[in-house]
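Q: what's the 3D shape of this:
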Amino acid sequence: MVDVKNVTKRYDGKRVVHALRGVSFRVETGEMVATMGPSGSGKSTLLNIVGGLDRPSEGTVAIDDTEITSLDDNRLTRLRREKIGFVFQFFNLLPTLNALENAALPLHLAGRSRRDAVARASGLLELVGLKDRLDHLPDELSGGEQQRVAMARALALSPPLILADEPTGNLDSKSGNEILSLFKQLQQQFRTTVIMVTHDPRAAAFCDRTITLHDGQLVTGEE
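A: Below you'll find the model as predicted:
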């Protein structure tokens, strides 16, 4: 599903900063992989490059057999919409939209009819335990509930790949464990491939394996 080859990311300025140095790994279809490492090790940079939100200085990334690093912006945007769902630490819900509208947003952007979008989003919100919270705005929901909305939104278009950046980092331990259990359940149910950046060993324990970065280099989990 994901094939990262010799990815390097440099930021050029008065001082050249290497965020990633020749990182290579593969993630198979249906795997749930944790990416760990200290702050500044390159975890989020790597996730952004895999998700097509940033481009590497060198190296290639392939998603579902499509090499994304050479795609133009329009094709890359289309691939992200069709192939990748994102779950973030701070949820990134639109504050003026209720839970149903937030979950349905990718479907509207993809041109689905309002009827289909509402049906799909409603079903996913019920699946994540928010059947009775459809009309609540984000600030009327707990952190755990907001992350459940974000997970429903990420699954709206049935992407084969979910990228999660510290999905429990803004939650208390109880809510975090509930989200991790739900994540694993949904990943297995939909056979979705998941790459999760986390600093929490409890989150990594829910994954099939862990890759570890240090100073921009892969130190465990290589091929």
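
Q: what ranges do the helices span in the chain?
A: Secondary structure of the chain, counting by DSSP state H: helices at 43-50, 73-83, 99-109, 114-127, 143-155, 173-190, 201-205.

Q: Which of the ones you listed sits closest to residue 11?
A: Comparing those against residue 11 with Cβ to Cβ, the closest turns out to be helix 43-50 (9.3 Å). All C-beta spots, glycine's among them, are computed from the backbone N, C-alpha and C.

Q: which residue is nearest the centroid of the protein?
A: The centre of the chain sits closest to residue 163, judged by Cα atoms, centre = their mean, with a distance of 1.9 Å.

Q: Skipping its backbone neighbours, what lies nearest that residue in space?
A: Spatially, and ignoring its direct neighbours in sequence, residue 163 is nearest to residue 51 (4.9 Å; Cβ to Cβ, 6 or more residues apart in numbering).

Q: and the one you found, what are its phi and psi?
A: Backbone torsions for residue 51, taken as degrees, to the nearest 10, come to phi -80, psi 0.

Q: what's near enough to touch it?
A: 80, 84, 86, 163 (Cβ atoms under 8 Å, 6 or more residues apart in numbering).

Q: Does the first one touch residue 50 like I think?
A: No. Taking Cβ atoms under 8 Å as the contact criterion, residue 80 and residue 50 are not neighbours in contact, 10.7 Å apart.

Q: Just want to know which of those two has more residues nearby.
A: residue 50 (23 against 20; other Cβ atoms under 10 Å).
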